[in-house]
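A.B. asks: need a 3D model of the sequence below.
(chains A and B)
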Amino acid sequence: MSELEITNLKIKVAGNDIYLQRGGSGRPLIILHNDMGGSGWLQLHNRLARDFTVYLPSLPGYGKSGRPEWMRSVRDMALVQNWLIKELGIGSTNILGIGIGAWVAAEMATMCHDQFNSMALVSPVGLQPKSGEIIDQFLLSAEEYVELCFRDSSKFKEIFGPVPSDEQKEAWELNREMTVRVAWKPYMFNQSLPYLLPGVTTPTLIVSGSDDKVVPLSCSEHYREVLPNSRLEVIKDCGHYVDMEKPNELAQLLTSFF
Amino acid sequence: MHLMYFTEQPMSTYPEQEALDAGGVSALMLSNKHFNPEEGSRLYNERLEEYIYAEEMGVDGIMLNEHHNAPFCMQARVNIFAAALAAVTERVKIVLLGNPLPVNENPLQTAEEIAMVDMMSKGRLVSGFVRGGGTEQFANNTNPAYNRERFTEAHDLLIKTWTEPGPFRWEGNHYQFRVVNPWALPLQKPHPRIWIPGVASLETIIWAAEHRYPYICLNTSIEQTKQIWELYDRTAEKSGYIAGPEQRGYLIRCHVAETEEKAIKNGREFMWMQGEFTGVGHPTWFSSPGYTSAQSRKRAAEGQKLRSKTTFEDMLNMGMIIAGTPDQVVERLKKIMEETRPSILALWGNDGKVDHKDSLECIRLLGQEVMPKVREIGDRLGLLSPFELNSPVSLAASQLNNQWTASA
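C.D. replies: Prediction:
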């Protein structure tokens, strides 16, 4: 198999540079990363790039993307992502959001009901869980939190090393500063979203890990209830970071869905 | 010299073992089921008696502070205790170090409370401001990423409220008010003195110097203190004035007793809470994401690990804690004064489980034996306080032809 070519792009949106990676071929698929800023181009992205042109932006304030000092909400972030899609000139697209990225995708969908052909929300936050609570990551160190996002800590070590590097820890710290700026209170949900999502008829696949220690399953179930054209899949023996812990199972679900 | 008495007002019936069993947690998360209001009532009233006694014994000021969810400090609202002190004391300055501006949602309420205390105390208030430590952001659920922006905006709003006639509107970045027109204004004009305490956040030192507000170093080492004054003095010069001892304050843990043996025994209580200035807890709680830069947070976490390994003896040797007879204590203070030249000195006399009787003895010895000698040393070194110099309360005030010195 020839090696996948990944192109780095930089696009100015709302006064700040958004950095993104593009790879693969086929219909466009936007992937929005989790609340620690994603971890670059992963196994899952390689798999999806076989069938799609994958666009992997760093959300505003994450990774190399500039931090908009004015941005106070995930809804602001969603508006910037909608603008980014216009700048990319890719027209109608599929979207995959992971964790906070799923919340951003859901907000984007409420702003423009025909924005997406299909939408996949993996381990989504953004709706208040009807039972249980979303773990408060700000009471934990970045390292503790990321490890908690895996069911199996050996997988965490496989990806980040036995001890995460100083550079990695620093990147997590900078990324979670942006999460603080937009999601401190209410923590990880938008009270108006349940009233707006029923208007979104986009086919939606919701995916959760069976052993998510961070976000209760009731959060995904809530999405399933309010999104009229959605279904929920639970991946067994898997924690919050489904994309890193069970990339093959997730890729299989996604490729047959999109 | 301006010589103050301070105590953190610990909830000394807090069960240390419970906290140790819970993994050494003693701030933010130690359950308040351990808070005993009957003991709390006794302790509040003992503290009040001690402050009244401190005034009788000749201290110039009583320094108060505020923390939340913390067994090491019973003052959840600094202005409440200040109001009580305004009523029961006659002469001492009531020095708030300070109101945590960013964690209060309504800066106008803070402005009103401070104005009320200033009037009730007949102009004896010093109104310090702080950002509030990391745990305070959690306890009050205010976003740490906007802490500094909120601090400066709330400060600007307070100053305008105190110095410009209302009604006016405030449409700020973090605070908005339709009508600013409180019918409670400070007695001191243009406003009470503002002192800024801190432990070495560079931005805060620079901010204080730019405003010509005295900076109070909270139990920093002599070396750290010198570095702070270098930065302060440099910033002052850039801002167009020469800083002097009247801009320099220092807080030191300092227990005094009739015998060295007793002083050492009681001084050991400063290590209550395992020697942490802000109690023991998760490093992330003290320096939450966004509260400071990622680099500062890393340094803070490393510093915390180091502090938890420091013994009482180490602290005595480093001069971070003073405990002894009046003569011994004066010797140690003299060294600090010679090396760092503060005109505002806060002596943190009692902590932990030091009982009411020993606290009173410490206060008597501080007021009657230590402070008179410290005052002499201060005079010899030319360490004149803002009150002695009647210095301007701020750079803005100094620029108005020195019209604005805080006076009742």
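
A.B. asks: okay, helices next: where are they in the stretch 201-350 of chain B?
C.D. replies: In the stretch 201-350 of chain B, the helices defined using DSSP state H, counting those that start in this stretch lie at B:202-211, B:222-238, B:260-267, B:283-286, B:294-308, B:312-318, B:326-340.

A.B. asks: which other helices and strands does the longest one contact?
C.D. replies: Contacting helix B:222-238 under the criterion 3 or more CB pairs under 8 Å, 6 or more residues apart in numbering or on different chains; DSSP states H and E are the following elements: helix B:202-211, strand B:215-218, strand B:248-256, helix B:326-340. To be clear about C-beta, it is placed using only N, CA and C from the backbone, and glycine gets the same treatment.

A.B. asks: out of the helices of the stretch 201-350 of chain B, deepest packed?
C.D. replies: helix B:283-286 (a mean of 22; mean count of other CB atoms under 10 Å in any protein chain shown).

A.B. asks: residue A:30: which element?
C.D. replies: strand A:27-32 (DSSP states H and E).

A.B. asks: buried sites along that strand?
C.D. replies: A:28-32 (16 or more other CB atoms under 10 Å in any protein chain shown).

A.B. asks: for the chain, longest helix please?
C.D. replies: Went with chain A since none was named. helix A:166-183 (DSSP state H).

A.B. asks: other chain: chain B
C.D. replies: In chain B, taking DSSP H as the definition, the longest helix is helix B:37-57.

A.B. asks: let me know whether the longest helix of chain A sits next to chain B.
C.D. replies: Yes: using CB under 8 Å from any CB of the partner chain, helix A:166-183 reaches chain B at A:170, A:173-174, A:176-177, A:179-181.

A.B. asks: in that helix, what's buried?
C.D. replies: Under 16+ other CB under 10 Å, the buried positions of helix A:166-183 are A:168-183.

A.B. asks: what does it rub up against?
C.D. replies: A:35-37, A:59-63, A:67, A:71-74, A:76-77, A:100, A:125, A:137-138, A:142-143, A:145-146, A:160-161, A:164, B:143-146, B:288-290, B:294, B:297-298 (CB atoms under 8 Å, 6 or more residues apart in numbering or on different chains).

A.B. asks: swap in stretch B:184-191?
C.D. replies: Identification of contacts with stretch B:184-191 by CB under 8 Å, 6+ apart yields B:112, B:114-116, B:118-119, B:122-123, B:125, B:127, B:158-159, B:162-163, B:192, B:393, B:397, B:404, B:406-408.

A.B. asks: span of that stretch from start to end?
C.D. replies: 12 Å (CA to CA, to the nearest Å).

A.B. asks: please apply the same query to stretch A:51-68.
C.D. replies: 33 Å.

A.B. asks: distance from it to the middle of the chain?
C.D. replies: Mean-position distance between stretch A:51-68 and its chain equals 10 Å (CA atoms, centre = their mean, to the nearest Å).

A.B. asks: stretch B:73-92 now?
C.D. replies: For stretch B:73-92, the distance to the chain centre is 13 Å (CA atoms, centre = their mean).

A.B. asks: same check on stretch B:357-365?
C.D. replies: Worked out by CA atoms, centre = their mean, stretch B:357-365 lies 21 Å from the chain centre.

A.B. asks: now do the buried residues in that stretch.
C.D. replies: B:358-365.

A.B. asks: and which of these is nearest residue A:82?
C.D. replies: residue B:359 (63.1 Å; CB to CB).

A.B. asks: residues in contact with the residue lying closest to that closest one once chain neighbours are set aside?
C.D. replies: Distances taken as CB to CB, 6 or more residues apart in numbering or on different chains place residue B:350 nearest to residue B:359, at 4.4 Å, with adjacent residues excluded. Counting by CB under 8 Å, 6+ apart, residue B:350 makes contact with B:7, B:50, B:255, B:266, B:269, B:358-359, B:362-363.

A.B. asks: try 10 Å
C.D. replies: Contacts for residue B:350 (CB atoms under 10 Å, 6 or more residues apart in numbering or on different chains) come out as B:5-10, B:12, B:47, B:50, B:253-256, B:266-267, B:269-270, B:356, B:358-363, B:366.

A.B. asks: what does residue A:121 give?
C.D. replies: With CB under 10 Å, 6+ apart, residue A:121 has these contacts: A:32, A:95-99, A:101-103, A:105-106, A:109, A:204-208, A:219-220, A:223-224, A:227, A:230, A:232.

A.B. asks: what of residue A:244?
C.D. replies: So residue A:244 contacts A:34, A:38-39, A:42-44, A:98, A:146, A:149-150, A:155-156, A:158-160, A:238, A:250 (CB under 10 Å, 6+ apart).

A.B. asks: next helix or strand past the helix or strand where it lies?
C.D. replies: Per DSSP H and E, residue A:244 falls inside helix A:242-245. Going down the chain from helix A:242-245, the next helix or strand is helix A:247-257, by DSSP H and E.
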